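Engineer: My questions are about this predicted structure, shown below with the sequence.
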Amino acid sequence: MQLPGQTRTSVQANHAFIAPDGHVPAALPGWEKTQGIILISPHMRGLPRFTMYLALMEDGAKSAMPFTGVQRFAYVLTGTIQADIADGDSFDVSQGHFVYIPAEIDYTLIATSETKLLIFEKPYTQSNILPDAKPEIHTGNAWAGEGEPFLGDEDARLRTLLPTDIAYDMAVNLFTFQSGAALPFVETHIMEHGLYLVEGQGIYRLDDSYYPIQADDAIWMGSYCPQWFCAYGKTQSTYIYYKDVNRDPLS
């Protein structure tokens, strides 16, 4: 039992560990019949360059458009949504599936049952190498296939959910670890991350701190934050995470 006045959450200069014990839902501006939990945003010491949040949609709830120039990736944790695109296209996105919609495309996400979404949003940065390259709408099953062994480790498998070409300035991946599997070294890099543990448990190193992590915990890792993960327990552990990619560091 957690003692009164205690929390697992920790917000530091270059990382944050956000536990559900402190979640405070509030209406998402412009959304209908939806409560939101903002997990990561630029309000977090002014450093994150993206937002990551939960959208808790009632049956029949509708999304609002993001700000001009902002792209959105939505992963369905539970329930089902219908994506209605302004050009007339429409498709369903069910639990474990995702939809990515580039900036400047008009659309609405409609919950066809009580639904919980995990959403990443980021202002789109055009490539200075191929300025005419444009990202496209993508949808699919995040769990399709077995994933690729990470650096040769069969017990750590990575599913890449978005194309890796230069039109895309963000990546979203699904990373599954068997119990006992770990990242092979402590990573330190320019990319920042937003991470949500979908299942399982483990230990996450952020800077010089070690956090026990379990399903529904969220993490922000700033640029150059030393980071490492090891899964433990009797089941596999899987997290979905965002990172910024394919752009000059001075852009």
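Structural biologist: Nice, I can see it.
Engineer: residues contacting residue 142?
Structural biologist: With Cβ atoms under 8 Å, 6 or more residues apart in numbering as the criterion, the residues that contact residue 142 are 75, 96-98, 159, 161, 174, 240. All C-beta atoms are positioned from the backbone trio N, CA, C, and that covers glycine.
Engineer: Out of the residues you listed, the closest to residue 249 would be?
Structural biologist: Out of the contacts of residue 142, the one with the shortest distance to residue 249 is residue 161. That distance is 23.8 Å, counting by Cβ to Cβ.
Engineer: ok, that closest one touching residue 172?
Structural biologist: Yes. Assessed by Cβ atoms under 8 Å, residue 161 is found in contact with residue 172 at 4.8 Å.
Engineer: The two: which is more packed in?
Structural biologist: Summary of the neighbour comparison: residue 161 and residue 172, criterion other Cβ atoms under 10 Å, with residue 172 having more neighbours (22 against 19).
Engineer: Helix, strand, or coil at that one?
Structural biologist: Classification of residue 172 using DSSP: H, G, I helix; E, B strand; the rest coil returns strand.
Engineer: Run through the bridge partners of it.
Structural biologist: Counting by DSSP bridges, residue 172 forms beta bridges with residue 242.
Engineer: which residues touch it?
Structural biologist: Taking Cβ under 8 Å, 6+ apart as the criterion, residue 172 is in contact with 73, 75, 98, 100, 120, 161-162, 240-242.
Engineer: Please apply the same query to residue 136.
Structural biologist: Contacts for residue 136 were tallied using Cβ under 8 Å, 6+ apart; they are 102, 167.
Engineer: just to revisit the earlier point, any residues in contact with both of residue 161 and residue 172?
Structural biologist: Common contact partners of residue 161 and residue 172 (Cβ under 8 Å, 6+ apart): 98, 100.
Engineer: that older thread, want to throw the contacts of residue 142 into TSV with secondary structure and pLDDT?
Structural biologist: Putting the contacts of residue 142 into TSV (DSSP: H, G, I helix; E, B strand; the rest coil; pLDDT from 0 to 100) gives the following:
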residue	secondary structure	pLDDT
75	strand	99
96	coil	98
97	strand	98
98	strand	98
159	strand	98
161	coil	98
174	strand	98
240	strand	99
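Engineer: Figure out the helix or strand that residue 55 lives in.
Structural biologist: strand 51-62 (DSSP states H and E).
Engineer: For that strand, list every residue counted as buried.
Structural biologist: By 16 or more other Cβ atoms under 10 Å, the buried positions in strand 51-62 come out as 51-57, 61-62.
Engineer: try stretch 101-112
Structural biologist: 101-103, 107-112.
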